[in-house]
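1. what's the 3D shape of this:
(3 chains)
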Amino acid sequence: MLGSIPGSGGADMSDITLPQPAPPAIRRKRGRILGNPGLVVAALVLGLITLMAVFAPLVAPHDPYVQILDDRLIPPAFVDAEMSDPRYLLGTDNLGRDYLSRLIYGARISLLIGLLTVLVSGVIGTTLGVAAGYFGGRVDTVVSFLITTRLSLPVVMVALAVVAVAGGSLQVVVLVLGLLLWDRFAVVMRSATMQLRNLEYVAAARSVGCSTPRILLGEILPNLIPALVVVASYEMAQAILLEAALSFLGLGVQPPLPSWGLMVAEAKEVMLFDPWVILLPGLAICVLVLAINMLGDGIRDATAPEGRT
Amino acid sequence: MLRFTLRRLVLAAVVGIAVSVIAFMLLRVSGDLAIALAGEDASPADVERIRQEYGLNRPIIAQYGEWLWRALRGDLGRSLFYPESVANLILTRLPVTLSLAGMGLVIAILIALPLGIIAALRRNTWVDRTALGIAVIGQAMPNFWFGLLMIFLFGLALGWLPISGSDSFAHFIMPAITLGWFSAPVLMRLTRGGMVEVMNSDYIRTAHAKGLPARVVVLKHALRNAIVPVVALCSVQFGNMLSGSVVIETVFALQGIGYLAWEAISRRDFPVVQGILLLVALFYVVLTLLADIANAWLDPRIRRG
Amino acid sequence: MSTPVLDVRHLAVHIPVADGVLHAVRDVSLTVAPGQTLCVVGESGCGKSLTSLAVMGLLPASARRTAERMDFAGEDLLKMTPPRLRELRGNRMAMIFQEPMTSLNPAWSIGDQLTEPFLRHGKGGRRQATDRAVQLLERVGIAAAGRRLGQYPHELSGGLRQRVMIAMALMCGPDLILADEPTTALDVTIQAEILHLLAELQREMGMGLLLVTHDLGIVARVAHRVAVMYAGEVVESGPTVAVFDNPRHPYTRGLIDCIPIPARSRPGVPLGTIPGLVPNLVGGMEGCAFRERCAFATGPCARAIPIVHGDDGHTWRCVLLERAPSLLEKST
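-> A predicted model of the protein is given here:
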């Protein structure tokens, strides 16, 4: 399936079983979707986080940036009931900022970076993959070479280095991650397009003289969407984890923005005495990434042809 | 096999060149190196002086050519921070990272292989679901956070293991577990998928028909076929671990090339950054080459084809 | 009469499927006498392969097997412990499968796979195992046998692979060989060669052979006894001569009419065909399963059909009192 792309076979694809391109009549499987509790829970969790992020100013009890130095490191009630303060449901950080509000605003950063990165990388990867799969030959050779080269680059190091020179901002992080995370899109779209290209109805469209763009947009792309959604979900999760890592290392989103990765880094200083400070943002990342991954898995299972597991 | 190897060698060489171009150009297209080196508030004269000093005013092709020519002879320039050559710096730190990645890989295999095999043999039972659950949850955790939790638990709370540095074997345990933990799910899924497929094949039925005990059927007849892609993936994962070492080594202050990379990036020690980027990328190129050759060699259909 | 090498009474195999239980094998009784060949014939999907897999204990995990008796050389296979079963498999009873292309392990050499049962069952050392492998490969008609041992399955054609499978089954000198449509996947020209080879080896080594096939032409030549299966049941069984000369079940008759006979089948005259389709075996089953396709079906066919015992162990499940007439004769 992954033919000529060395190394990519196992590395990035093994954890994804491809949703096979659906036959032209798209089968809706409401039963399969509702019958999968993981998918439903994941969608609910993700929906909740998204709502919180969108309406953060309304939901958050405090301003996430206001520092009240008298109220530093107040623990939440479930950690220490006596020391806790009912005004701060999840306590405060070491600068006296409301932790719950920062977590809610942090969801904005994670989701925004995840979505935008996937948009950039999805466009790049899909274009390359579809072109390679559809035209084959030299185009395929070049794209395969690009994929191999991209896979050889250490993502975190490259991202850190670029951010260090270009400066840490949301735009730079999105751009860097977008330019780095397109490989899986390309690999999956390439093989899926290859399969589709040889199907009868595509051959039929070609034989009646449909133009190439029309075949690509009209026949190929719609059938790639299930696979595209699945890859996008995995890559979004990946982007969120990477942004957190970059910010944790101090070379991603800059303070005082409440990036969850940055919050873990800030909490590191005080983790000996207040370990809960480190627990919360990490858990937040974990839950969000888990929900996105489970959603991807669920969609993959729901769109997979019968009998495949 | 020979033809295959030669083709792969040529590809690896071309990718290697491409990677060297990227390692060199990356920092230059990301911004003005002279300004980055001089600092944001340096005077234009200072910036210009640095530009001259580092040869940043010459045509970029010439700069790249010179750098590559020297790099091919093992000269990656001098560190701007340490009084040492980049090659020396990297060479002294490399063993730490290689040991870390090696230990991480062993741990990943120790977790992934048994779990993957058992999950495949007990498909759709609680064992299988638990293993997959661990894999899914494991992959959702940020690795630096997992590392910090370990530091808190085993280092601070229980005091069993040292939390930073690279002086003894004990220093490597937590970082290696962290690295291995994040590589294990991919290996496990691949092992499980391969085993499920192989166990349904006709030759497994033949093996049963010969009267072989389950152990021999699974380990000799099934695993031997399912393991081929896993071996290749291990090699690729080793390469991924080298690049993943930035985060892990920084968390545990392990003095390998990952930590060096982070330090160099933070201090704008660009010759070191370039050198490490080139080295890690080339490592990956070589490892995938080895993976493909190992793959071909393990599969008699390719080896003797 | 000596103890049969295989004695199966009232075997049934049920497979749970999405819309019920598939009664793939129902009330099948077979015996193979030592040194004799029993051919099981029938269309695809009639349960003949599952019957042989049931004997070997190699049914898919979801399948359920029940039987009144299932003895191998006097030993009860139903109550046998797994270790004892493993001692017999590949040793005293061996199996040859339908798909030679996929039945050999691609990762191990022919030599390794051939010597494996010999070594596993303690028949001798590596040296002897190799000698026997070479000798058997030569016997099954593989040239340069010594060199083949180092080769891998993908280097061999389908016909050669099936010969290797046969040699592998013979490694321990079994008392019984189960051959499940061993030639279906092969070229027509090779099919006959392989079947003749099997028949020859059976005579030469005095083994019991249970040959599952749908090639009646070969059955007539090699079988001592025949069991005709239809829709999971044995509809007729008996000595080959009796069944061929005096078929009592219309289905058997139909099958015989389908055999092209060089001297008698004239160009332009159609061969016999049996109209209709095999019934669905999911859910309950009452009466004769063939009645939908049978030209002689009457009222009693919808009720339970008693087994009729004729001379010489010839039995059949049909309410017709006389020799089954040819469907061809009836239509012309």
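
2. what pairs with the residue nearest to the spatial centre of chain C across the strands?
-> By CA atoms, centre = their mean, chain C has its centre lying nearest to C:Val212, at 1.9 Å. C:Val212 has the following beta-bridge partners by DSSP bridges: C:Val40, C:Asp180.

3. distance of it from C:Met95?
-> Going from C:Val212 to C:Met95 by CB to CB, to the nearest Å gives 10 Å. In short, each C-beta sits where N, CA and C put it, glycine included.

4. mind listing the helices for the stretch 151-300 of chain A?
-> Taking DSSP state H, counting those that start in this stretch as the test, the helices found in the stretch 151-300 of chain A are A:155-166, A:170-180, A:183-197, A:200-207, A:212-215, A:221-248, A:260-268, A:276-303.

5. all helices of chain B, in order?
-> With DSSP state H as the criterion, chain B has helices at B:2-30, B:33-38, B:44-53, B:60-72, B:86-121, B:126-140, B:143-150, B:169-199, B:202-209, B:214-216, B:223-252, B:257-266, B:270-298, B:300-303.

6. may I see those helices arranged in JSON lines, with distance to chain C as well?
-> JSON lines is the format used below for the helices of chain B (distance: least, CB to the nearest CB, whole Å):
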{"stretch": "helix B:2-30", "distance to chain C": "16"}
{"stretch": "helix B:33-38", "distance to chain C": "53"}
{"stretch": "helix B:44-53", "distance to chain C": "60"}
{"stretch": "helix B:60-72", "distance to chain C": "41"}
{"stretch": "helix B:86-121", "distance to chain C": "11"}
{"stretch": "helix B:126-140", "distance to chain C": "14"}
{"stretch": "helix B:143-150", "distance to chain C": "35"}
{"stretch": "helix B:169-199", "distance to chain C": "9"}
{"stretch": "helix B:202-209", "distance to chain C": "4"}
{"stretch": "helix B:214-216", "distance to chain C": "8"}
{"stretch": "helix B:223-252", "distance to chain C": "5"}
{"stretch": "helix B:257-266", "distance to chain C": "37"}
{"stretch": "helix B:270-298", "distance to chain C": "8"}
{"stretch": "helix B:300-303", "distance to chain C": "4"}
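
7. and of these, who's closest to C:Asp187?
-> helix B:202-209 (19.2 Å; CB to CB).

8. so for that closest one, mean pLDDT?
-> Averaged across helix B:202-209, the pLDDT comes to 92.

9. with stretch B:175-186 instead?
-> Taken as a whole, stretch B:175-186 carries a mean pLDDT of 90.

10. got the contact list for the residue nearest to the centre of chain C?
-> Shown in contact with C:Val212 (CB atoms under 8 Å, 6 or more residues apart in numbering or on different chains): C:39-41, C:48-49, C:51-52, C:178-181.

11. run the last query once more with 7 Å
-> Contact analysis of C:Val212 by CB atoms under 7 Å, 6 or more residues apart in numbering or on different chains lists C:40, C:48-49, C:52, C:179-181.

12. quick revisit: if you average pLDDT over each of the helices of the stretch 151-300 of chain A, which is lowest?
-> Looking at the helices of the stretch 151-300 of chain A, the weakest mean confidence is helix A:200-207, a mean of 77.

13. residues in contact with that helix?
-> Against helix A:200-207 from outside (CB under 7 Å, 6+ apart): A:24, A:196, A:215, A:219-220.

14. now the residues you listed: which count as buried?
-> Buried subset of the contacts of helix A:200-207 (neighbour count, 16 or more other CB atoms under 10 Å in any protein chain shown): A:196, A:215, A:219-220.

15. from these, which is closest to chain B?
-> Nearest to chain B, judged by CB to the nearest CB, of the buried ones among the contacts of helix A:200-207 is A:Leu196 at 23.3 Å.

16. so the closest one is in contact with A:Pro222, correct?
-> No: applying CB atoms under 7 Å as the test, A:Leu196 and A:Pro222 come out as separate, 10.1 Å apart.

17. show me what from the stretch 51-200 of chain A comes close to chain B.
-> Contact residues (CB under 7 Å from any CB of the partner chain) of the stretch 51-200 of chain A with chain B: A:145, A:148-149, A:152-158, A:160-162, A:164-166.

18. which pair of those spans the longest distance?
-> Using CB to CB, those span at most 28.0 Å, a distance reached by A:Phe145 and A:Ala164.

19. more neighbours, these two?
-> A:Ala164 (23 against 16; other CB atoms under 10 Å in any protein chain shown).

20. let me know how buried A:Pro154 is, in neighbour terms.
-> 27.

21. hang on, the earlier thing: and the contacts of C:Val212 as TSV, adding pLDDT and distance to B:Leu91?
-> Shown next, in TSV, are the contacts of C:Val212 (pLDDT from 0 to 100; distance: CB to CB, whole Å):
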residue	pLDDT	distance to B:Leu91
C:Val40	92	72
C:Lys48	83	69
C:Ser49	85	64
C:Ser52	90	65
C:Ala179	91	65
C:Asp180	88	63
C:Glu181	86	65
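
22. out of these, which comes closest to A:Pro75?
-> Nearest member of the contacts of C:Val212 to A:Pro75, counting by CB to CB, is C:Ser49, at 68.5 Å.

23. contacts only, for the closest one.
-> C:98, C:180-181, C:212.

24. which one (most neighbours) among these?
-> Neighbour-wise, these (other CB under 10 Å) top out at C:Val212, 26 neighbours.

25. give me the residues contacting stretch A:101-112.
-> With CB under 7 Å, 6+ apart, stretch A:101-112 has contacts from A:49-50, A:52-53, A:56, A:59-64, A:90, A:93, A:240, A:243, A:253, A:257-260, A:263, A:280-281, A:284, A:288.

26. at 6 Å what do you get?
-> With CB atoms under 6 Å, 6 or more residues apart in numbering or on different chains as the test, stretch A:101-112 has contacts from A:49, A:52-53, A:56, A:59-62, A:64, A:240, A:258-260, A:284.

27. ChimeraX command for the buried members of these?
-> Buried residues within the contacts of stretch A:101-112, by 16+ other CB under 10 Å, are selected in ChimeraX with:
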select /A:49,52,53,56,60,62,64,240,258,259,260,284
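
28. turn the contacts of stretch A:101-112 into a markdown table, columns for distance to B:Asn88.
-> Shown next, in a markdown table, are the contacts of stretch A:101-112 (distance: CB to CB, whole Å):
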| residue | distance to B:Asn88 |
| --- | --- |
| A:Ile49 | 48 |
| A:Met52 | 51 |
| A:Ala53 | 48 |
| A:Ala56 | 50 |
| A:Val59 | 54 |
| A:Ala60 | 51 |
| A:Pro61 | 55 |
| A:His62 | 52 |
| A:Pro64 | 46 |
| A:Ile240 | 38 |
| A:Pro258 | 41 |
| A:Ser259 | 36 |
| A:Trp260 | 38 |
| A:Ala284 | 42 |
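
29. tell me which of the contacts of stretch A:101-112 is nearest to A:Met189?
-> A:Ile240 (21.8 Å).

30. which residues does that closest one contact?
-> A:Ile240 neighbours (CB under 6 Å, 6+ apart): A:110, A:114, A:289.

31. any idea how far the residue most central in space within chain A is from chain C?
-> The C-alpha lying nearest the average C-alpha coordinate of chain A belongs to A:Met236 (CA atoms, centre = their mean; 0.9 Å). From A:Met236 across to chain C, the span is 36 Å (CB to the nearest CB, to the nearest Å).

32. quick check, that residue in contact with A:Ile113.
-> No: in this structure A:Met236 lies outside contact range of A:Ile113 using CB atoms under 6 Å: 9.1 Å.

33. where does pLDDT dip in the stretch 1-150 of chain B?
-> B:30-31, B:40 (pLDDT under 70).

34. how about the residues of it by chain A?
-> The stretch 1-150 of chain B comes close to chain A at residues B:15, B:18-19, B:27, B:30-31, B:36, B:140-142, B:144-145, B:148, as judged by CB under 6 Å from any CB of the partner chain.

35. most widely separated two among those residues?
-> Using CB to CB, the residues of the stretch 1-150 of chain B next to chain A span at most 36.2 Å, a distance reached by B:Ala18 and B:Leu148.
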